[in-house]
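Q: The sequence and its predicted three-dimensional model are supplied below.
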Amino acid sequence: MNHYLNTFLSNLKQPFRFRLRKYSAYLMLILLIVFSLLSRSELVQDWENRFQPNFYAFKKSFFESQNKDLPIILVTINDLSLPENMPRSPLNRDWLADLLSQLKLQQPAVIGLNILLDRKSDLNSDLKLAEAFENQTIILRNNHRYPVLKQFSQVSKSSGALNFKFDSSGTLHYICNAPNSCRFPTQFHTEILKDYAKKTKQVIHQKNTNWLKINYFTTHHQKNLNTFNFPVIQADEIEKLPIGALKDKIVLIGTDFPDLYPLYRVPSGNHEMQEIEVIAHTLNSIASNATITAIPFWISLTILLVLLALPSFFTYGNNNWLNAVQTIFIIIFLYLLSAFSFSTFNIEIPFVLPVLLLTILFVNHTGLLHFNEKINRLETEVELKQTKIDFLSNELHSHSLFNELTRLSVLIRQNPTQAREYLVEFAEMLRASLKFGDQLMVPIRNQVEYLKSYINQQQIIFGERLIINFSFDEKLSNFVAPWHIFYPLVENAIKYTEALLKTEDRASTIRMNLELINHQIHFSISNPFHGNLKVASTKTGLKNLKKRLDFAYSSEQYKLESHFDDSIWTSILTIPASKIK
């Protein structure tokens, strides 16, 4: 029965190992397909965007902006700059006309007026504001829902819409950059850049994309503010500037009333920006050719394939802790690669989804190892059962009985007293084998008694020529170990000592020590050994011992070693200490 079960498990195990390798390849293919389907999805893009502040933190720590900043000036309208008791919304058109007239004296290249002029006011005030537009390059903020009044759009240079896209945490990442997405023929920031380039005769390449990802690292780092700032002037300070102070600059005008118009959270740090500051970063990103772009799909797919192949074919082993450390190092490598690419080339390499797929691969590999280990344990258990049966059968075999009876018959003629003692010890060993032979774990005190019976039996045969010193730590009486785990080492030591006794007249000494050290059971045995002596041995006992150890413990839990020093052979076995339950 055991033979057929062993054959079945052996046949099962080989194709199973092949299926494991085949399954790992299929899993990699599935993960690559999942990446292909999900990498551009809104959910995954949201994960990547929410992780991006970590790349900005990395960039701030190790890099400085090398981009040439546009000459952008932010003019803010706040409570301090407005005359007393003047309403904040809508803004007084006469006051706004005076502000634009003052700016006209400063000769800016372009003025971006980020204030919606969609509602009618006093006719004279509207006429005054329209007159202030004359002979100036003013770009108005517009909207398809709240269009700018005709009297202003006709006298302004141009107008454009302004729309943003946020991630699920409310952080601003994208600005609308195409008519289809913005539902308006022109965009506020592109019109500003177009007129600025025309006025200053510069070449600025616009980005042909529906949604433009803003780079908040295109200006100099203000360490005290933990952000990147542009020069800011309050509206009431314009008249104090010398004439021509803002010549050929881009002036962005916007309100700063946090209770009416909330600030925007950005990924570059713990900082919230005004809308005109976000626009300034957008203009600078485009002009510096530093907008954030995603890496081509085939490159990101190749990187993922390499990352999945590393643990699958080169690094993963049978130690889950080591596999976990290796997976962590691969993730750290991917982070550094993504952060460096983002910081140096303004390119996004996917990070969150590959990390998720690597984690799935690691968990899958761990599960497969666990399942494979169960198969191995099952096979070892069946082999161990067969070994136990063979062991008991050999002990009770007629040939073994014949040898014992022959030795007894000799002892009976030579020394009947020793013969009785020998028979008593032999009976004790048989009784112990029958009692504990089918148990996995046996108290160490019972195993020590078994060893003592065997030692006494051998000393009856060899008398004073065989000296065995056995030191046993009584603390181990309440501990258990696999049955017959120490006996093969003792038997092997006595076998080689017996061969030595046949060539020498002097006594030989075997030293045994069984003790508890650092929560581990430590067994050592030393015997005299001559390398030129030949001893007939099948080494079955030591092979069975190794199988028992592999069945009872993992390879990291036990240690079996031997060494030869000054004609003494020493074997040492260390196993975990387990108490009787």
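A: That came in fine, so what should we check first?
Q: Just the helices from the stretch 151-300 of the chain, written as ranges.
A: Here the stretch 151-300 of the chain has its helices, by DSSP state H, counting those that start in this stretch, at 179-182, 188-200, 275-287, 297-309.
Q: Now do the contacts for A499.
A: Shown in contact with A499 (C-beta atoms under 8 Å, 6 or more residues apart in numbering): 533-535. In short, each C-beta sits where N, CA and C put it, glycine included.
Q: between these, which is closest to I250?
A: For the contacts of A499, the closest approach to I250 (C-beta to C-beta) belongs to V535, at 95.9 Å.
Q: The nearest residue to Q151 once chain neighbours are set aside: helix or strand, and which one exactly?
A: The shortest distance from Q151 to any non-neighbouring residue, by C-beta to C-beta, 6 or more residues apart in numbering, is to A130 (5.2 Å). Assigned by DSSP states H and E, A130 belongs to helix 123-132.
Q: After that helix, which helix or strand is next?
A: Next element after helix 123-132 (DSSP H and E): strand 138-142.
Q: quick revisit: surely the residue nearest to Q151 is in contact with L149?
A: No: the pair A130 and L149 does not pass the contact test of C-beta atoms under 8 Å, sitting 9.1 Å apart.
Q: Show me what counts as buried in the helix holding A130.
A: By neighbour count on 16 or more other C-beta atoms under 10 Å, the buried set for helix 123-132 is 125-126, 128-130, 132.
Q: List the contacts of it.
A: Identification of contacts with helix 123-132 by C-beta under 8 Å, 6+ apart yields 92-94, 96-98, 100-101, 104, 117, 120, 149, 151-152, 155.
Q: Residue ranges of each domain in the chain, please.
A: As assigned by automatic domain parsing, the chain contains the domains 11-42+294-371, 68-289, 437-579.
Q: Tell me the buried residues in stretch 194-205?
A: In stretch 194-205, counting by 16+ other C-beta under 10 Å, buried: 194-197, 204.
Q: Please save the CA atoms from that stretch in CSV.
A: Only the C-alpha atoms of stretch 194-205 are listed here, as CSV (Å, rounded to 0.1, in the frame of the first residue of the first chain):
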residue,chain,number,x,y,z
LYS,A,194,0.6,83.3,-28.0
ASP,A,195,0.3,87.1,-27.6
TYR,A,196,3.5,87.2,-25.4
ALA,A,197,5.5,85.3,-28.0
LYS,A,198,4.2,87.6,-30.8
LYS,A,199,4.9,90.7,-28.8
THR,A,200,8.5,89.7,-27.8
LYS,A,201,9.2,87.8,-31.0
GLN,A,202,10.0,84.5,-29.2
VAL,A,203,9.3,81.0,-30.2
ILE,A,204,7.1,79.1,-27.7
HIS,A,205,5.9,75.6,-28.7
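Q: still on that earlier bit, mind checking how far the residue nearest to Q151 is from I138?
A: A130 sits at a distance of 11 Å from I138 (criterion: C-beta to C-beta, to the nearest Å).
Q: just to revisit the earlier point, of the contacts of helix 123-132, which is the most crowded?
A: Highest neighbour count within the contacts of helix 123-132: L117, with 26 neighbours (other C-beta atoms under 10 Å).
Q: residue boundaries of the strands in the stretch 451-581 of the chain?
A: Secondary structure of the stretch 451-581 of the chain (DSSP state E, counting those that start in this stretch): strands located at 466-472, 479-482, 508-517, 520-528, 559-565, 568-576, 578-579.
Q: so what strands line up beside the first one?
A: In this case it means strand 466-472. Using DSSP bridges, strand 466-472 pairs in its sheet with strand 508-517 (parallel).
Q: hmm, back to that, among the contacts of A499, which ones are in helices?
A: Of the contacts of A499, none are assigned to helices by DSSP state H.
Q: tell me the contacts of I485?
A: Counting by C-beta under 8 Å, 6+ apart, the residues that I485 touches are 447, 545, 548-549, 552, 573, 575.
Q: mind redoing it with 7 Å?
A: 545, 548 (C-beta atoms under 7 Å, 6 or more residues apart in numbering).
Q: quick one: it from Q107, how far?
A: In terms of C-beta to C-beta, I485 sits 95 Å off from Q107.
Q: Could you single out the most deeply buried of the domains of the chain?
A: Highest mean neighbour count of those: domain 68-289, a mean of 18 (counted as mean count of other C-beta atoms under 10 Å).
Q: Now that one: average pLDDT?
A: Taken as a whole, domain 68-289 carries a mean pLDDT of 86.
Q: how far out from the middle of the chain is that domain?
A: On the basis of C-alpha atoms, centre = their mean, to the nearest Å, domain 68-289 sits 43 Å off its chain's mean C-alpha point.
Q: what does stretch 449-462 give?
A: For stretch 449-462, the distance to the chain centre is 57 Å (C-alpha atoms, centre = their mean).
Q: and it, C-alpha only, in PDB?
A: Taking C-alpha atoms only, stretch 449-462 is exported to PDB below (Å, rounded to 0.1, in the frame of the first residue of the first chain):
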ATOM      1  CA  GLU A 449      16.400   5.600  28.500                       C
ATOM      2  CA  TYR A 450      16.400   3.900  25.100                       C
ATOM      3  CA  LEU A 451      20.000   5.100  24.500                       C
ATOM      4  CA  LYS A 452      21.100   4.000  27.900                       C
ATOM      5  CA  SER A 453      19.700   0.500  27.200                       C
ATOM      6  CA  TYR A 454      21.700   0.400  24.000                       C
ATOM      7  CA  ILE A 455      24.800   1.700  25.700                       C
ATOM      8  CA  ASN A 456      24.400  -0.900  28.500                       C
ATOM      9  CA  GLN A 457      24.000  -3.600  25.900                       C
ATOM     10  CA  GLN A 458      27.200  -2.600  24.100                       C
ATOM     11  CA  GLN A 459      29.200  -2.400  27.300                       C
ATOM     12  CA  ILE A 460      28.100  -5.900  28.300                       C
ATOM     13  CA  ILE A 461      29.700  -7.100  25.100                       C
ATOM     14  CA  PHE A 462      32.900  -5.000  25.200                       C
END
